[in-house]
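A.B. asks: okay, predicted coordinates and the sequence, questions at the end:
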Amino acid sequence: MTEALTSAAVTDVPAGTVSARSAAPAQGFAAAPDPAAAPGTAAETEAAVHAIADRSRNAAHKMARANRAWKDRGLRAIGKALVEHKHQIMAANAKDVAAGRAAGTSAALLDRLTLTDSRITALAAALENLATLPDPVGNVVRGQTLPNGLRLRQINVPMGVVAAIYEARPNVTVDIAGLALKSGNAVILRGGSAAAATNAALITILRDALESVGLPADAVQTVDQYGRDGANALMRARGRVDVLIPRGGRELIQTVVTNSSVPVIETGEGNVHIFLDASASEEMAVEILLNAKTQRPSVCNTVETLLVHSKSTVLPAVAAALRAAGVTLHVDQRIRAALPASVQSVPATEEDWATEYMNLDLAVAMVDSLDEAVRHIRKWSTGHTEAILTNDLANAERFIADVDSAAVIVNASTRFTDGGELGLGAEVGISTQKLHARGPMGLTELTTTKWIVQGEGQIRG
């Protein structure tokens, strides 16, 4: 590695230069951005962030011209470098995790922050998978020849400069960079102080890998060294940044949505529901609920509320299995009355129905009909993912039609609302809004379109 991600890495470079490089630490690995090296005033920070964005724009022009083979070489180079340097990555990550634990960070956020050998291997595998996917750039969305002979095509083209603000998720650094590169964009990242050392290491690897195959290193940049002022400047860089994607908790997302002048694609929290219909089998219900709640409880597609039909006979088995797996059940009075005395629970409050726990807690309510389940979901859902477990085809179809969320699942775990699981290679985030993108955002969602009009001298009458 040859780059230290300090203020030296974000100074202006001569025209035509791919990136600004500086001497690396003796061990050949980058140190975390040094906040003390950042400009001292808001105006200086804004100027520095604008310079980063301008270099990203230049890199984006080059990325837009890169063909699929070239971009795929870059993705594979990044994946190879991640595996080669996984011990350095984990060493940097251990510093962040230790600091987070000392600061009292929740178990859920610590889990998202942690990079293990297997998680790094999975990131590299996801990049390899991205390299096998079709290039969305140039895809013809629609086309026709008009009566006057004009030939029309609407094609996918890169967004340009994509920015992301996220917290305690170093895997997002790799996922977003990989998706942005494959779709022909440049990306500016703000990963937050909780993962500062890990992100500095990862971004160095990404930049060096890109440069090794002749792609612009400035296609991946960070403003982490400028702290919150850098994030604020990024949100105000309208005209320099084309789209901004926040990933994190409600407070972070709403801060970005409220304060950004750059167009935002809003990713939402996941207050995810499963409706256990009266016809659902015990075996299927137990397996799906255990997977949806316990496989990785800290992520946004984990179930947070279980709605049980009053005529279902499988509640005792489901509740017992969840309790055996360490899940705390927050139940309403009717559920409590239906549970065996051996199954422990705590009373649910109104707050439980609105809570994204992100841990081994689950709110459980009883309903008398599918319609009542849908009303509960409409009141409390964040629009992320809802599922129904049923052997009644008519109920499945009604649930699909009546539930308005980004993903609706029938007889499967909510954990499948994930870009990788749905064949997108990876995801930038899961959009819960309705403009431009909804649900897991993959390669196509990082493109926009333009119209190509070809004629032979036609004029408008």
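C.D. replies: Everything's here; your move.

A.B. asks: check which helices and strands the top helix by length along the chain sits against.
C.D. replies: Secondary structure of the chain per DSSP state H: the longest helix is helix 42-65. With contacts taken as 3 or more Cβ pairs under 8 Å, 6 or more residues apart in numbering; DSSP states H and E, helix 42-65 sits against strand 151-158, strand 161-166, strand 186-190, strand 220-222, helix 227-235. For every residue, glycine as well, the C-beta is placed using N, CA and C.

A.B. asks: tell me which of these sits nearest to Ile400.
C.D. replies: Nearest to Ile400 among the helices and strands packed on helix 42-65 is strand 151-158; the distance by Cβ to Cβ comes to 28.1 Å.

A.B. asks: what pairs with the closest one, parallel or antiparallel?
C.D. replies: Paired neighbours of strand 151-158 in the sheet (DSSP bridges): strand 140-145 (antiparallel), strand 447-454 (antiparallel).

A.B. asks: buried sites along that strand?
C.D. replies: Arg153, Ile155, Asn156, Val157, Pro158 (16 or more other Cβ atoms under 10 Å).

A.B. asks: re earlier: tabulate the helices and strands packed on helix 42-65 (JSON lines), appending distance to Gly74 and mean pLDDT.
C.D. replies: Putting the helices and strands packed on helix 42-65 into JSON lines (distance: least, Cβ to Cβ, whole Å; pLDDT from 0 to 100) gives the following:
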{"stretch": "strand 151-158", "distance to Gly74": "14", "mean pLDDT": "97"}
{"stretch": "strand 161-166", "distance to Gly74": "16", "mean pLDDT": "96"}
{"stretch": "strand 186-190", "distance to Gly74": "12", "mean pLDDT": "97"}
{"stretch": "strand 220-222", "distance to Gly74": "10", "mean pLDDT": "97"}
{"stretch": "helix 227-235", "distance to Gly74": "24", "mean pLDDT": "95"}
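
A.B. asks: out of the ones you listed, nearest to Arg336?
C.D. replies: strand 161-166 (38.7 Å).

A.B. asks: show me what the closest one is packed against.
C.D. replies: So strand 161-166, by 3+ Cβ pairs under 8 Å, 6+ apart, packs with helix 42-65, helix 170-182, strand 186-190, helix 227-235, strand 243-247, helix 250-259.

A.B. asks: what lines up beside that strand in the sheet?
C.D. replies: strand 186-190 (parallel), strand 243-247 (parallel).

A.B. asks: re earlier: of the strands paired with strand 151-158, which is nearest Asn58?
C.D. replies: strand 447-454 (19.2 Å).

A.B. asks: what residues does the closest one touch?
C.D. replies: 136-137, 141, 150-159, 183-184 (Cβ atoms under 8 Å, 6 or more residues apart in numbering).

A.B. asks: now it: buried residues?
C.D. replies: Within strand 447-454, the residues scored as buried using 16+ other Cβ under 10 Å are Thr447.

A.B. asks: same list (the helices and strands packed on helix 42-65) but as CSV, adding distance to Pro297.
C.D. replies: Below are these laid out as CSV (distance: least, Cβ to Cβ, whole Å):
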stretch, distance to Pro297
strand 151-158, 36
strand 161-166, 19
strand 186-190, 26
strand 220-222, 29
helix 227-235, 28
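
A.B. asks: out of those, flag the one nearest Lys86.
C.D. replies: Among the helices and strands packed on helix 42-65, the nearest to Lys86 by Cβ to Cβ is strand 220-222 (18.6 Å).

A.B. asks: out of the helices and strands packed on helix 42-65, which comes closest to Arg375?
C.D. replies: strand 161-166 (33.5 Å).

A.B. asks: taking helix 250-259 as reference, get the angle to the closest one.
C.D. replies: Angle, strand 161-166 to helix 250-259, by axes from the mean of the first three to the mean of the last three Cα atoms, to 10 degrees: 140 degrees.

A.B. asks: ok, Gly425 - contacts?
C.D. replies: Contacts of Gly425 by Cβ under 8 Å, 6+ apart are Ala126, Asn129, Leu130, Leu133, Gly178, Leu179, Lys182, Gly419, Gly442, Leu443.

A.B. asks: if we use 7 Å, what do you get?
C.D. replies: For Gly425, the contact set (Cβ atoms under 7 Å, 6 or more residues apart in numbering) comprises Ala126, Asn129, Leu130, Leu133, Gly419, Gly442, Leu443.

A.B. asks: next: Ile176.
C.D. replies: Here Ile176 is in contact with Ala164, Val187, Leu189, Val428 (Cβ under 7 Å, 6+ apart).

A.B. asks: can you redo those residues as JSON lines with distance to Val308 and neighbour count?
C.D. replies: Output for the contacts of Ile176, formatted as JSON lines (distance: Cβ to Cβ, whole Å; neighbours: other Cβ atoms under 10 Å):
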{"residue": "Ala164", "distance to Val308": "38", "neighbour count": "27"}
{"residue": "Val187", "distance to Val308": "43", "neighbour count": "28"}
{"residue": "Leu189", "distance to Val308": "42", "neighbour count": "25"}
{"residue": "Val428", "distance to Val308": "35", "neighbour count": "30"}
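
A.B. asks: can you redo the residues you listed as CSV with distance to Ala317?
C.D. replies: Putting the contacts of Ile176 into CSV (distance: Cβ to Cβ, whole Å) gives the following:
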residue, distance to Ala317
Ala164, 42
Val187, 47
Leu189, 45
Val428, 38
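
A.B. asks: next, count neighbours for Ala231.
C.D. replies: By the measure other Cβ atoms under 10 Å, the count of residues near Ala231 is 25.

A.B. asks: I'd guessed it sits against Tyr166; true?
C.D. replies: No: if you go by Cβ atoms under 7 Å, Ala231 and Tyr166 don't touch, sitting 10.4 Å apart.
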